[in-house]
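Undergrad: fold the following for me, if possible:
(one chain, ligands or ions: 2)
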Amino acid sequence: MTTDYLVIGSGVAGLTFAVKIAEKFPERTVVIVTKSFEDESNTKYAQGGVAIVSNKEDSFKKHIKDTLIAGDGLCDKEVVEMVVKEGPDRLKELLLWGANFDVNDSGKFDLGKEGGHSEYRIIHHKDITGFEIERALLTKVHQLDNVTILPHHFAIDLVTNHHIEENETNTLRCYGAYVLDQNSGSIFTIKANNTLLASGGIGCVYGHTTNPVIATGDGIAMAYRAKARIKDMEFVQFHPTALYEAKGESSFLISEAVRGFGAYLRNKEGYRFMPDYDERAELASRDIVSQSIDNELKKSGEAHVYLDCTHLDMDAFIDHFPNIYQKCLEHHIDIKTDWIPVVPASHYVCGGIKVNKKGKTTIDNLYACGECSRTGLHGANRLASNSLLEALVYAHNIYKNLAKKDNNPLDVNIPDWNDEGTSIPKEHILIQHNLKQLQALMRDYVGIVRSNKRLKRAIKHLDLIYEEVEDLYKESKITTSLCELRNMINVAHLIIRQSLDRTENKGGYYNVDNL
Ligand code: FAD
Ligand code: SIN
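TA: Ligands and ions are numbered 1, 2, ... in the order given. The predicted model follows:
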């Protein structure tokens, strides 16, 4: 298959870019590959909303300051200013494309508040903002004849110079990707003039996560194998309030906007502990709240703390958070009377594939956008609800840049995927077992609080898993679960190695040996 633009991923980042470039050039083609159903993504589950300055009480200056404070000195200030200032224009576009956001009785946006924000500035659609944005973008994409969306297609690896025999250039360049059709099992090449990685986050590397099962860091791992620069992977963000479930694993999020609405965090004794840690109490930035909860749990030996909403205006609460209210009821928790058991869970990766302000990676013709990218916006800790905003702004920048660039077809012959001598893996138990081991070691040794000893132990264990899985990969026909495991191992390696390189604690990174 040949296309002008190959987009890997159908969340907010990939879809926004696809809509823009396809509308601008109706004669050019866009192919979106996505490994699950077309709407399955982290985007779909975003709750709180999008941080955008939209009224006179707020200002760009305040949003910039809040972002810089949350990032703990490691944000790229120029990027922060650019992203914050572009927010209102990107919001106008979303509205034009049919996304609906809540308004109050006077017709103004009903703004929410979240940790680290000095103002009410979160534009939202109830507590299912991501679902609404994904809906609007997919509707728009389906109206465009020059966009082909291929659900259940898994991108295995990027095609770069080293795949091409007659390659004469020294510049590292991307020519598309090898893709697995998950229904037929066949692997084919998509040759593309430009490729966009919009493949999302890494939550599943930890097992206990707010992310859906697609968040296996594939794009970051593919880019790493292709020798793109990957940066800031030590800054994994743990969301303070995932619903505690005794089984562990994937966990439903209780939005930070609930704390913005006035909920309190309490320990088992009922003591409201956050004011002891930070004067902003429950609305301190996420790194501080997660570290404080972790400390409380270590002191008490308990498995979770509680979020108390019982003092809040319940009618208004249910109006704003109907999904959270309902989900808790399904777990036999009535928010009107019961405290919600919550625990931090892996939520977001602040680092990723390093890009410049135009979204370009260190490989020619390869761009990255959204959670898989590292733009410099988040520094050591992302400010809540800045992620959807970042994806919207960078999708626009990449589109603007590519619209100016020549679109000459690439004159190369890409060899077909070669799986000679491989067989269908029979030992599925090996994949499952190694996955469980990987997730356990990341939780136990590479969690909210780290130490050099634990990190070194983690890398030793990881090396063993890596070797076993690489051997399995070489002898096996490609399956999604095997590729995902391999990708998560690459991502875990990057997190641990970059953690060991960091000698100063900042934002979401806390190592007891750096004190
Ligand atoms: P995603 O939306 O995750 O999309 C990635 C896409 O890539 C998916 O379609 C996936 O299937 C596909 N893909 C991945 N690998 C492959 C592959 N190998 N081959 C083919 N396709 C592939 N942020 C905010 O700003 N505000 C919020 O309120 C908010 N709430 C959140 C709540 C939850 C529960 C979660 C999990 C996250 C939340 N976030 C929020 C973070 C935000 O939702 C994500 O960072 C953002 O949506 C990422 O968008 P994306 O397009 O980069 O990736
Ligand atoms: C939330 O609603 O708490 C998630 C917001 C975010 O991750 O930005």
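Undergrad: for ligand 1, what is the nearest residue in the stretch 1-150 of the chain?
TA: Ligand 1 sits closest to residue 11 of the stretch 1-150 of the chain, with a gap of 2.1 Å, by Cβ to the nearest ligand atom. The C-beta positions use only the backbone N, C-alpha and C, and glycine is treated the same way.
Undergrad: show me what contacts that residue?
TA: For residue 11, the set of contacting residues under the criterion of Cβ atoms under 8 Å, 6 or more residues apart in numbering consists of 41, 42, 43, 44, 134, 198, 200, 370, 371, 391.
Undergrad: mind pulling the model confidence for residue 461?
TA: pLDDT for residue 461: 97.
Undergrad: ok, now residue 106?
TA: Per the predicted model, pLDDT is 93 at residue 106.
Undergrad: where does it sit: helix, strand or coil?
TA: Here residue 106 is recorded as coil under DSSP: H, G, I helix; E, B strand; the rest coil.
Undergrad: how many neighbours does it have?
TA: Residues within reach of residue 106, counting by other Cβ atoms under 10 Å, total 6.
Undergrad: distance check, it against residue 207.
TA: 45 Å (Cβ to Cβ, to the nearest Å).
Undergrad: and the helices in the stretch 201-350 of the chain?
TA: Listed from the start of the chain, the stretch 201-350 of the chain has helices (DSSP state H, counting those that start in this stretch) covering 218-225, 256-260, 274-277, 286-300, 314-320, 322-330.
Undergrad: quick one: closest of those helices to residue 504.
TA: Closest to residue 504 of those is helix 286-300 (Cβ to Cβ; 14.2 Å).
Undergrad: tally of neighbours for the residue lying closest to residue 158 once chain neighbours are set aside?
TA: Closest residue to residue 158 apart from its sequence neighbours, by Cβ to Cβ, 6 or more residues apart in numbering: residue 226 at 4.6 Å. Here the number of neighbours of residue 226 (other Cβ under 10 Å) works out to 24.
Undergrad: enumerate every residue touching residue 226.
TA: Residue 226 makes contact with 157, 158, 160, 172, 174, 363, 366, according to Cβ under 8 Å, 6+ apart.
Undergrad: what segments of the stretch 1-150 of the chain are helices?
TA: Taking DSSP H, counting those that start in this stretch as the criterion, the stretch 1-150 of the chain carries its helices at 12-24, 60-70, 77-96, 129-142.
Undergrad: which other residues reach the first one?
TA: Helix 12-24 has contacts (Cβ under 8 Å, 6+ apart) with 5, 7-8, 28, 30, 32, 34, 41, 43, 97, 130, 133-134, 137-138, 140-141, 144, 146-147, 196, 198, 200, 369-373, 388, 391-392, 394-396, 398-399, 402-403.
Undergrad: residue of the protein closest to ligand 2, please.
TA: Proximity of the chain to ligand 2 (Cβ to the nearest ligand atom) peaks at residue 48, 2.8 Å away.
Undergrad: got a list of what that residue touches?
TA: 112, 114, 122, 124, 127, 129, 255, 256, 257, 260, 384, 385.
Undergrad: count of residues packed around the residue nearest to it when sequence neighbours are not counted?
TA: Here the nearest residue to residue 48 in space, its sequence neighbours aside, is residue 257; by Cβ to Cβ, 6+ apart that works out to 4.3 Å. Residues within reach of residue 257, counting by other Cβ under 10 Å, total 24.
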